[in-house]
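Peer 1: One predicted model, sequence on top.
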Amino acid sequence: MKIYNPVIRRWQEMKIDTPANQKGLVASPTFFDIHTHVRLLDQEDYNSLERAALAGGFGAVLIQPNTKPPIETENVLKMHFELAKGKIIDYYWTCSFFGQLEPDGKRILCYSNDGIEYDTQKIFWTFKSKKPDLLLDHSQFYEVGGLFYEGTPLNIQKRPISSESISIFRNVMLGLEYGFKRFHIQHVTTEFSIETIQHLREYAQVSCEVTPHHLFFNMEDIKNTNFKVNPPFATEKDRQSLLEAVKKDIIDVFATDHAPHHEKTSDFERAAYGTSGIEVAFSAFYTITMDLEKTIQKMTIAPRKILGLETDLDLGNITVIDPEAEYIVDVRNFHSKGKNCVFDGIKLKGKIVGVKLKGKWVYWDGEFLFNDQEHS
Ligand SMILES: [Zn+2]
Ligand SMILES: [Zn+2]
C-alpha cells in the first residue's frame, strides 16, 4: 500500500496487512488534533471522544482547558488523567493560561486561553507573572463584545472584523515583552489576521491553524444555530484569503476545534458556540483543498512539530484512507455525543477506513476492534 511520509514529503510503497482487502486505499500517519474540546458532564466524555476521534482517523488529541470545571488546578488535572486512563488514543492536555498549572512537556504540552474570557488587563498581568512557554492563543477582543462579525445577515450584536487581528497583535507583543517566545494562533478567520501573523513572524515564532468550517463557509452561509461558532464566519473575501494562506503554507496546521454540544436552542442570542466535527474533519479539509498530501502534512507532522512531539514515520500508527469515496454527513451516525455539526447533510470526499494504533488495528470500516472493558 502507498503511505504518505510527511517527514520527507513523499509517497512510499510499504507492505501493510489490513483486516480486509479493498482497492484504492492509501495510508498516512495517524492524525493529531491540536484543538479538541471534551467538555465533560454529559456533553462529551473520554469514551465518546475516543470513538469519534478514531472514526475521524485521529490517534492523538490535545484537550483544551475549558472543561467543566476548567483545567486550572492539580486536582482537576488528576481527575482528567483518571478519566482518560487506559484509553487507546493518546490524550494530551493544555492548562488554562489563567490557572495555577504549568506545562510539563509530557502530558501538559502548553498553555491555552481557549474558551476562557479575558480582557487586556488580565492577559497583560498573566504574561507578566507566568513562566514563559508555548501559548495556544484564542485571540479575541472580548471588551468589544459581539456574537457575529459585522456584515453578518442576522439582527444581532456584531463585532468588528478587525478585532481578531488586533487581539493577535496585542497578545503576541505583550507576550514577547515578558519573555514568551512561541505563540500558536488558534482558528484564524480573517485576511487581516493572516497579514498580522506574517508581520509578527519578523519578531516572534508564531504558528497558526485553521478549522474545516472556516475554510468551508462564510457569513452568508449561516443556516441555523449550529453555525454559531467562535470566532464567527467572516466574509467570502476572508475565506478566500484563508484558502490562499493554506496554499502558501502561511497556515501551518489543520485543527478541528471539535466543540460538542447537546441540541442547541434555535435562538442565536442564547445558543452556545461551537460545531462538533472531529469525525468528518479530514474529509472536509480534503474536499475543500483537494490536496491530499497537504491535508496529511497539516494533520500529522505540523501540529506535532509545534508541540515538540516525535514526528518519525511509524508503521504501528497509521490511518487508512479511501481518497475516492464520497459520503453525505449524517450526524445521527456520529460517535460523539455532539450532533451539532455544520457539515450535516453535506457531501464530502475522502473517507477514513481504518486506524492502527501501537501495532493493533482498532478501527476498520465503521467497526471498533476493541471492547471498552479490555481497555478501561
Ligand atoms: Zn477558541
Ligand atoms: Zn476551541
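Peer 2: Nice, I can see it. Numbers count the residues shown, from 1 in each chain. Ligands and ions are numbered 1, 2, ... in the order given.
Peer 1: how much space between G277 and ligand 2?
Peer 2: Going from G277 to ligand 2 by CB to the ion, to the nearest Å gives 12 Å. Quick note: C-beta positions are derived from backbone N, CA and C, even for glycine.
Peer 1: pretty sure that residue contacts S283?
Peer 2: No - G277 lies out of contact with S283 (CB atoms under 8 Å); the separation is 9.6 Å.
Peer 1: Now do the shared contacts for those two.
Peer 2: Residues touching both G277 and S283 by CB atoms under 8 Å, 6 or more residues apart in numbering: none at all.
Peer 1: Quick check: which ranges of the stretch 101-250 of the chain have low pLDDT?
Peer 2: Of all residues in the stretch 101-250 of the chain, none has pLDDT under 70.
Peer 1: By proximity to ligand 2, which residue of it wins?
Peer 2: When you check the stretch 101-250 of the chain against ligand 2 by CB to the ion, the closest residue turns out to be D114, at 4.4 Å.
Peer 1: A helix includes that residue, no?
Peer 2: No - secondary structure assignment (DSSP: H, G, I helix; E, B strand; the rest coil) places D114 in coil, not in a helix.
Peer 1: Am I right that it is in contact with T67?
Peer 2: No - using CB under 8 Å, D114 is not in contact with T67; the gap is 11.0 Å.
Peer 1: Spatially nearest residue to the residue in the stretch 1-150 of the chain that ligand 1 sits nearest to (excluding sequence neighbours)?
Peer 2: Closest approach between the stretch 1-150 of the chain and ligand 1, counting by CB to the ion: H138, at 3.7 Å. Spatial nearest neighbour of H138, excluding adjacent residues (CB to CB, 6 or more residues apart in numbering): D114 at 4.2 Å.
Peer 1: swap in P29?
Peer 2: Spatial nearest neighbour of P29, chain neighbours left out: T300 (4.5 Å); criterion: CB to CB, 6+ apart.
Peer 1: Kindly provide the distance from that neighbour to F32.
Peer 2: 6 Å (CB to CB, to the nearest Å).
Peer 1: what do you get for Q12?
Peer 2: 20 Å.
Peer 1: Compare the two (neighbour count), which wins?
Peer 2: The neighbour count for Q12 versus F32, taken as other CB atoms under 10 Å, is higher for F32 (27 against 12).
Peer 1: got the buried residues for the helix or strand harbouring E324?
Peer 2: Assessed by DSSP states H and E, E324 sits inside strand 318-328. In terms of neighbour count (16 or more other CB atoms under 10 Å), strand 318-328 has its buried residues at 318-322, 325.
Peer 1: Tabulate the residues you listed (a markdown table), appending distance to ligand 1.
Peer 2: Formatted as a markdown table, these follow (distance: CB to the ion, whole Å):
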| residue | distance to ligand 1 |
| --- | --- |
| I318 | 30 |
| T319 | 25 |
| V320 | 31 |
| I321 | 28 |
| D322 | 31 |
| A325 | 31 |
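Peer 1: Pick the one among these closest to ligand 2.
Peer 2: Nearest member of the buried residues of strand 318-328 to ligand 2, counting by CB to the ion, is T319, at 22.8 Å.
Peer 1: Which other helices and strands does the helix ranked longest in the chain contact?
Peer 2: Longest helix in the chain by number of residues (criterion: DSSP state H): helix 163-177. Taking 3 or more CB pairs under 8 Å, 6 or more residues apart in numbering; DSSP states H and E as contact, the helices and strands that helix 163-177 lies on are helix 120-129, strand 135-137, strand 182-185, helix 191-200.
Peer 1: In PDB, list the C-alpha atoms belonging to that helix.
Peer 2: Extracted C-alpha coordinates of helix 163-177, given in PDB (Å, rounded to 0.1, in the frame of the first residue of the first chain):
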ATOM      1  CA  SER A 163     -10.900  42.700  16.200                       C
ATOM      2  CA  GLU A 164      -9.300  39.300  15.800                       C
ATOM      3  CA  SER A 165      -6.100  40.700  14.200                       C
ATOM      4  CA  ILE A 166      -5.900  43.500  16.900                       C
ATOM      5  CA  SER A 167      -6.100  40.800  19.500                       C
ATOM      6  CA  ILE A 168      -3.400  38.700  17.800                       C
ATOM      7  CA  PHE A 169      -1.100  41.700  17.600                       C
ATOM      8  CA  ARG A 170      -1.800  42.700  21.300                       C
ATOM      9  CA  ASN A 171      -1.300  39.200  22.700                       C
ATOM     10  CA  VAL A 172       1.900  38.400  20.800                       C
ATOM     11  CA  MET A 173       3.500  41.800  21.500                       C
ATOM     12  CA  LEU A 174       2.600  41.600  25.200                       C
ATOM     13  CA  GLY A 175       4.000  38.100  25.500                       C
ATOM     14  CA  LEU A 176       7.200  38.900  23.700                       C
ATOM     15  CA  GLU A 177       7.900  41.800  26.100                       C
END
